[in-house]
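1. Got a predicted structure plus its sequence, pasted below:
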Protein chains: 2
Amino acid sequence: MFRDRVRMSSLLDKVMTADQAAALIKDGMTVGMSGFTRAGEAKAVPKALAERAKQEPLRISLMTGASLGNDLDKQLTEAGVLARRMPFQVDSTLRKAINAGEVMFIDQHLSETVEQLRNHQLKLPDIAVIEAVAITEEGHIVPTTSVGNSASFAIFAKQVIVEINVAHNTNLEGLHDIYIPTYRPTRTPIPLTKVDDRIGSTAIPIPPEKIVAIVVNDQPDSPSTVLPPDDETQGIANHLIDFFKREVDAGRMSNSLGPLQAGIGSIANAVMCGLIESPFENLTMYSEVLQDSTFDLIDAGKLRFASGSSITLSSRRNADVFGNLERYKDKLVLRPQEISNHPEVVRRLGIIGINTALEFDIYGNVNSTHVGGTKMMNGIGGSGDFARNAHLAIFVTKSIAKGGNISSVVPMVSHVDHTEHDVDILVTEVGLADLRGLAPRERARVIIDNCVHPSYRDALNSYFDAACERGGHTPHILREALEWHINLEERGHMLAAS
Amino acid sequence: MFRDRVRMSSLLDKVMTADQAAALIKDGMTVGMSGFTRAGEAKAVPKALAERAKQEPLRISLMTGASLGNDLDKQLTEAGVLARRMPFQVDSTLRKAINAGEVMFIDQHLSETVEQLRNHQLKLPDIAVIEAVAITEEGHIVPTTSVGNSASFAIFAKQVIVEINVAHNTNLEGLHDIYIPTYRPTRTPIPLTKVDDRIGSTAIPIPPEKIVAIVVNDQPDSPSTVLPPDDETQGIANHLIDFFKREVDAGRMSNSLGPLQAGIGSIANAVMCGLIESPFENLTMYSEVLQDSTFDLIDAGKLRFASGSSITLSSRRNADVFGNLERYKDKLVLRPQEISNHPEVVRRLGIIGINTALEFDIYGNVNSTHVGGTKMMNGIGGSGDFARNAHLAIFVTKSIAKGGNISSVVPMVSHVDHTEHDVDILVTEVGLADLRGLAPRERARVIIDNCVHPSYRDALNSYFDAACERGGHTPHILREALEWHINLEERGHMLAAS
């Protein structure tokens, strides 16, 4: 029953339709919405906004936690609502608009957006729209399947619209741990020293008078689109697990490894699934998104605790996990993305960060975002938050794409998201390159020998040898460095003869 | 008197010549030496090593805090001693050897070297050589003008050689604050919340039996090579100070700004000098290196406290500061570079980081290290430690170099050390670009309009316009993106017609 979920009864007179609530959002406003990895986004109000924009001019600056589900970015884009968008997205329609220069997209480290808001370096949201399972007796907001930036958006915004989603079970309450760093110059250390520490509150504490509208929605989160492991992703998982075994044998990690972080997507999910059959025990996660593999690992008795900022599951897993949440609840916590990704915590805990590369080069620079150096895919997300301070910064990708027209290992990446200083381990289905303590020329040797698809190995060796003859700490032939990308663009294959 | 400085008298039988001590260093060893920004490096033993290498094969892996003075990297390079070198250098002879592929140079974030050692991801030093003003009654080592990585090197190495430098005044004792993070997985927060907090000890605590040799040296640190401000650096300083005034007016900073970090070099020094005549009061520094300008600012009553990892002064300033250290001592602290540069602390304190770029591109990516994408200059140093987590990540450079043959603003940087995600403000003598909250196309407009030298503005506008016509979130024409660098290489001017 929807009204039972609004436990501060004086707020019940704020209940209204999505259209009425959406009318509070004016043309030109900055709006902060819940939603992270297509989990826990506000659903009714953005839909109503898109509808309204068909009748009247309505352009907003939209910030979220990360990606939205339920085609909301698509609908908002098609309706022309999005003037600006940050800090992440995964929608193909929005992506097209971004690449056409129609939507100004600000691609950010996911831990940094609210820090910049807190310091007034970005315009504060005029209004926040937050999905909730309930409002407490004190008027505090209990998030649903993600925390993302919701807490800070609600704190910074002058007005807050709450969407109570009755499709989410109320037993989600208690899962969240809302901690907000104090203001500079008197900020104190984040008092989190173990993945399972609880350091905050279970609801977002705001003055209840800021809640200007309460809307009901009953639409579930979109299911995740993660593909099951295939031969290549299984190969990547196997190389990585063998590497972990060697690290344990060498005494550099215990048999429970370090707290694991895995980026969203099929490859990272396959790697995590691979741990089910591994000899490691008492694993922990300190990650952004908890995917199917997290719960598979818990069920297998391998994973002791998982900290994230959201839960994004496939249709297969969804009913099972949320229908039996009590089975998992003492092994889970959802935090603000500022905390799940915070450099202070990542460095302190010694996280093993596993993220997906679009391409990497022979010196270990990683491109996570830009196809051909120009076209945005999704955004850097949290990969930089983790890679910079991780105990191990691991990037994974299949060695080739588009039936072999593209090599994921190139002479020079066409865009850099992670520099050689921040990359420890690279893995493709071909093998694993351990770059720790190596100079650029040594890195190139290890990467070419271990990660490159055989059909591109000779060409990369030729480039590297010729570049070394010309000299330099990081040998390159500038005239040829981006030739593979140009070939692809002009002729459809990276090694097409000109 | 040298012997008075060895206050644990049982250690006096370890006193020997530099040659005898250097003999403890064997071919193939990994050696950790003191020294940071040409301050406080061990001087006698490396010199003796270079001499010995003329007689017998001797190749070592050398790690330091940062750069060495007294031409030691030159002498070690010429003698062929250096097989591997990390994490930073500024010597032209060594640079040549690095770029020829003769010395394997591992260019690292300065906060990360000892973290990687602590986790056994790099080979631990077999032996450490640490310059000291004294050894305490407990056998602990009191560093001289830098802390750098000395404490961790002494802790990790099996054997420690101490160079007592009698050219340094003993009143340096008390200046240092040695704090070492605890081991994972039980690491606790770094308990530093203000620039003037003292959280450690004044000497490096090691078991005295690890001290295998004590050597005397009396050679002073090399003077800094910072040039006085010129019209361009003064222009950069003025733009930046005007910007700070606007930030204060907008309520985003107090009149004492935030803790300042300034990279080494003439431009950053000029900016700091510019603050003497500014309206700001009660300034603080939380930086790596304390240069002339630090003491000029203290003398002017502008700077309340300065935290660094080293003190590097010009001949002009040296005698005055160290001869009157009591005047400054309660306003200074020297910390391990892991702490002066630690992401946890940088983010907590909200540092204003001012570092020098070699070049930057129209989208805000910064190259700090590689000339023409291939040749190493010095290394990334601490710039990445600060820029990633700073309240303001500022990069400064003159708009042109080599008499106008080179534009510091280019279509695409030839090497990326700091990605667009980590760069807030760019300044040349032409003007200042505030990139906060901007999408790439907006960044390009602001950078071209504000930072580019007039002689390159039309060409950059043409490139940007043509790229935008082709589309993309970060529009580029790959075939032309590195053309300016190729022109320079082949024809001596970035805009030379082909």
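-> Nice, I can see it.
2. packing partners for the worst-scoring helix or strand of chain A on mean pLDDT?
-> When each helix and strand of chain A is scored by mean pLDDT, DSSP states H and E, helix A:266-274 comes last, with a mean of 89. Contacts defined by 3 or more C-beta pairs under 8 Å, 6 or more residues apart in numbering or on different chains; DSSP states H and E place helix A:266-274 against helix A:231-249, strand A:260-262, helix A:292-299, strand A:352-356, strand A:392-396. In short, each C-beta sits where N, CA and C put it, glycine included.
3. want to try a markdown table for these, with mean pLDDT as columns?
-> Listed next are those as a markdown table, based on pLDDT from 0 to 100:
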| stretch | mean pLDDT |
| --- | --- |
| helix A:231-249 | 96 |
| strand A:260-262 | 97 |
| helix A:292-299 | 96 |
| strand A:352-356 | 97 |
| strand A:392-396 | 98 |
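4. Let's have these in CSV, adding mean neighbour count and distance to B:P228.
-> CSV is the format used below for the helices and strands packed on helix A:266-274 (neighbours: other C-beta atoms under 10 Å in any protein chain shown; distance: least, C-beta to C-beta, whole Å):
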stretch, mean neighbour count, distance to B:P228
helix A:231-249, 18, 51
strand A:260-262, 29, 48
helix A:292-299, 21, 59
strand A:352-356, 27, 45
strand A:392-396, 28, 41
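5. wait, which of the ones you listed is closest to chain B?
-> Chain B lies closest, by C-beta to the nearest C-beta, to one member of the helices and strands packed on helix A:266-274: strand A:392-396, at 8.2 Å.
6. Other residues contacting the helix or strand just after the closest one?
-> Moving toward the C-terminus from strand A:392-396, the first helix or strand encountered (DSSP states H and E) is strand A:400-401. Outside strand A:400-401, the residues that touch it by C-beta atoms under 8 Å, 6 or more residues apart in numbering or on different chains are A:406-408, A:453, A:455-456.
7. Now stretch A:8-28 - C-alpha only, CSV.
-> This file holds the C-alpha atoms of stretch A:8-28, laid out as CSV (Å, rounded to 0.1, in the frame of the first residue of the first chain):
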residue,chain,number,x,y,z
MET,A,8,5.6,11.0,8.0
SER,A,9,1.9,11.4,7.5
SER,A,10,2.0,15.2,7.3
LEU,A,11,3.8,14.7,3.9
LEU,A,12,0.8,12.9,2.5
ASP,A,13,-0.7,16.1,1.2
LYS,A,14,2.3,16.4,-1.1
VAL,A,15,1.2,13.3,-3.1
MET,A,16,0.4,14.2,-6.7
THR,A,17,0.6,12.9,-10.2
ALA,A,18,3.8,12.7,-12.1
ASP,A,19,2.6,15.4,-14.5
GLN,A,20,1.9,17.7,-11.5
ALA,A,21,5.3,17.0,-10.1
ALA,A,22,7.0,17.4,-13.4
ALA,A,23,5.5,20.8,-13.7
LEU,A,24,7.7,21.9,-10.8
ILE,A,25,10.7,21.5,-13.2
LYS,A,26,11.0,24.6,-15.3
ASP,A,27,12.8,25.3,-18.6
GLY,A,28,16.5,25.9,-17.9
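8. what does that stretch rub up against?
-> A:3, A:6, A:31, A:44-45, A:47-49, A:51-52, A:56-60, A:126-127, A:129, A:135-139, A:159, A:161, A:163, A:208, A:211-217.
9. check contacts around the closest residue to chain B within the stretch 101-250 of chain A.
-> Proximity of the stretch 101-250 of chain A to chain B (C-beta to the nearest C-beta) peaks at A:P189, 3.3 Å away. With contacts defined as C-beta under 8 Å, 6+ apart, A:P189 is in contact with A:344, B:189-191, B:193, B:344, B:348.
10. run the last query once more with 7 Å
-> Listed by C-beta atoms under 7 Å, 6 or more residues apart in numbering or on different chains, the contact partners of A:P189 are B:189-191.
11. Does A:A262 have any beta-bridge partners, and if so which?
-> A:I354 (DSSP bridges).
12. can I assume it is in contact with A:C273?
-> No. Counting by C-beta atoms under 7 Å, A:C273 is not a contact partner of A:A262; they are 10.2 Å apart.
13. about what we covered before: which of the contacts of stretch A:8-28 fall within helices?
-> Among the contacts of stretch A:8-28, the residues falling in helices (DSSP state H) are A:44-45, A:47-49, A:51-52.
14. are any of these buried, and which?
-> By neighbour count, with 16 or more other C-beta atoms under 10 Å in any protein chain shown, the ones in helices among the contacts of stretch A:8-28 hold A:44-45, A:47-49, A:52 as buried.
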